[in-house]
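Asks: Build me a structure from this.
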Amino acid sequence: MSRNVAYAAGEDLQILSFEVGTQTYCVPVGAVREIRGVTPATPLPDAPPYVRGVINLRGQVMPVIDLSERLGKGVAQDSARQVIIVVEHHDDVAGLLVDAVCDSFIVPASAISPPPPLGEEASPLVAAVITTETTMVVLLAVEAILPDRKVALAA
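Replies: Just a heads-up that it's a prediction; the model follows:
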């Protein structure tokens, strides 16, 4: 398994799936703090293009990441179904702007595969690929999606 996988290899994993554009992705439920409605973000100078800005979450300032932009799919189009999934990895917290939340379910270990090689290096954003009866879902590496520590500290 990839070093970015936030679960123990060989164990079942509970995930939260969501849409970004026409693609379905997921993250481990253990990395999700909450799901909330979209609120306007305050832009930060010199932030990466995928960081929409920061919001105040009950006294904690956190960056909001346009996951579509972060995944190289262009800036997300605003819609009524969009939500922010608040994720955490160690002390880092961020909101992931997604088009819609789909489902939460447990994936058996046998359905979780390491990402295939895509040239010299695998994408650090992809932790694994999950195969279900009807589709394949990309498990994102939360720690790789979060902005560099210096951006979070600037907030």
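Asks: and residue 81, how many neighbours does it have?
Replies: 10 (other CB atoms under 10 Å). C-beta here means a position set from N, CA and C on the backbone, and glycine is covered the same way.
Asks: correct me, but residue 10 touches residue 108?
Replies: No: using CB atoms under 8 Å, residue 10 makes no contact with residue 108, being 10.5 Å away.
Asks: list the residues that contact both of those two?
Replies: Counting by CB atoms under 8 Å, 6 or more residues apart in numbering, residue 10 and residue 108 have no common neighbour.
Asks: The closest residue to residue 126 other than its chain neighbours: what secondary structure?
Replies: Nearest residue to residue 126 in three dimensions, chain neighbours excluded: residue 115, at 4.4 Å (CB to CB, 6 or more residues apart in numbering). Following DSSP: H, G, I helix; E, B strand; the rest coil, the label given to residue 115 is coil.
Asks: Next, count neighbours for residue 115.
Replies: Neighbour tally, residue 115, other CB under 10 Å: 20.
Asks: go on, residue 50?
Replies: Count around residue 50 with other CB under 10 Å applied: 20.
Asks: got it, and residue 55?
Replies: 20.
Asks: That one contacts residue 65, correct?
Replies: No: between residue 55 and residue 65 there is no contact under CB under 8 Å: 11.3 Å.
Asks: where do the contact lists of those two overlap?
Replies: Counting by CB under 8 Å, 6+ apart, the contacts common to residue 55 and residue 65 are residue 95.
Asks: least trustworthy helix or strand in this structure by mean pLDDT?
Replies: helix 149-154 (a mean of 48; mean pLDDT, DSSP states H and E).
Asks: Against residue 73, how distant is residue 125?
Replies: Going from residue 125 to residue 73 by CB to CB, to the nearest Å gives 12 Å.
Asks: More neighbours: the two, which one.
Replies: Neighbour totals were compared for residue 125 and residue 73, and residue 125 leads with 19 against 14 (other CB under 10 Å).
Asks: for the closest residue to the more buried one other than its chain neighbours, helix, strand, or coil?
Replies: With sequence-adjacent residues excluded and distances taken as CB to CB, 6+ apart, residue 125 is closest to residue 144, at 5.1 Å. What three-state DSSP gives for residue 144 is helix.
Asks: May I ask you to confirm that residue 144 is in contact with residue 94?
Replies: No: shown here, residue 144 and residue 94 do not form a contact pair, counting by CB under 8 Å, at 11.8 Å.
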